[in-house]
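Asker: have a look; sequence and predicted model below, questions after that.
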Amino acid sequence: MQLEARRTICGAAHAGTRSTSRAMHRAALSLAILVAAGAAPSHLRAQWSDEEAAVLSVIDGLFDAMRANDADGVRSVFADGASLIQTEGPDGSPRTGYIPAENFATMIGNATQELDEPYWDAVVQIHDHLASVWVKYALYVDGTFSHCGVDTFILTRGPDGWKIAALADTRERDNCELPPDRQPYR
């Protein structure tokens, strides 16, 4: 669909008719929505601003450290006093629970299994020294699917750059959307 939208934009730019102009406007709007939602193909995501790329690199750093069971790597991406926020209890009921990022880093460092958490469809918002990122994710433990959901990150910019101040997630086990390169569950 994105390629078709780009073709429509290019074709309409040369046509000059009123109906083609409307088609061009609709195609441009569709493409803008896809890019804003993070659903654009990777070659269009390369057009993200340097600040958006810097914010996403912090999230990439977290997931790289998790895959490597690297507690110090996890600590390096969190701001002092940061926490992880759980949005459901063990039985799936709604609740709010907090885990200090330091405890999470220790847990990752002590893990004996590879924790791989690919994410996609990132939506990045930045204003001044505050950023939020909303992503879909799937968690694999030693290559086996565990669960999926949505991660939302709150990041703040300080003297050392962007850091995660809070991370909240949802967890689902059924009817999961998976990253395009992980179909079906492996």
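Answerer: In hand now; what should we look at? Residues are numbered from 1 along each chain as shown.
Asker: just the helices in the protein please.
Answerer: 2-15, 18-36, 42-45, 50-67, 71-77, 101-110 (DSSP state H).
Asker: my read: L115 touches M66, true?
Answerer: Yes: contact criterion Cβ atoms under 8 Å: L115 and M66 qualify, at 4.6 Å. Glycine gets a C-beta too; all of them are placed from N, C-alpha and C.
Asker: quickly list what's touching both of the two.
Answerer: I108 (Cβ atoms under 8 Å, 6 or more residues apart in numbering).
Asker: poorly predicted segments of the chain, please.
Answerer: Within the chain, the ranges that satisfy pLDDT under 70 run 1-47, 183-186.
Asker: tell me, what residue is most central in this protein?
Answerer: Taking Cα atoms, centre = their mean as the criterion, V135 is the residue nearest the geometric centre of the chain, at 3.1 Å.
Asker: which one is it nearest to, not counting chain neighbours?
Answerer: In space, and not counting its chain neighbours, V135 is closest to Y119: 4.0 Å by Cβ to Cβ, 6 or more residues apart in numbering.
Asker: repeat for R173
Answerer: H147 (5.0 Å).
Asker: who does that neighbour form a beta bridge with?
Answerer: Beta-bridge partners for H147, by DSSP bridges, are L139.
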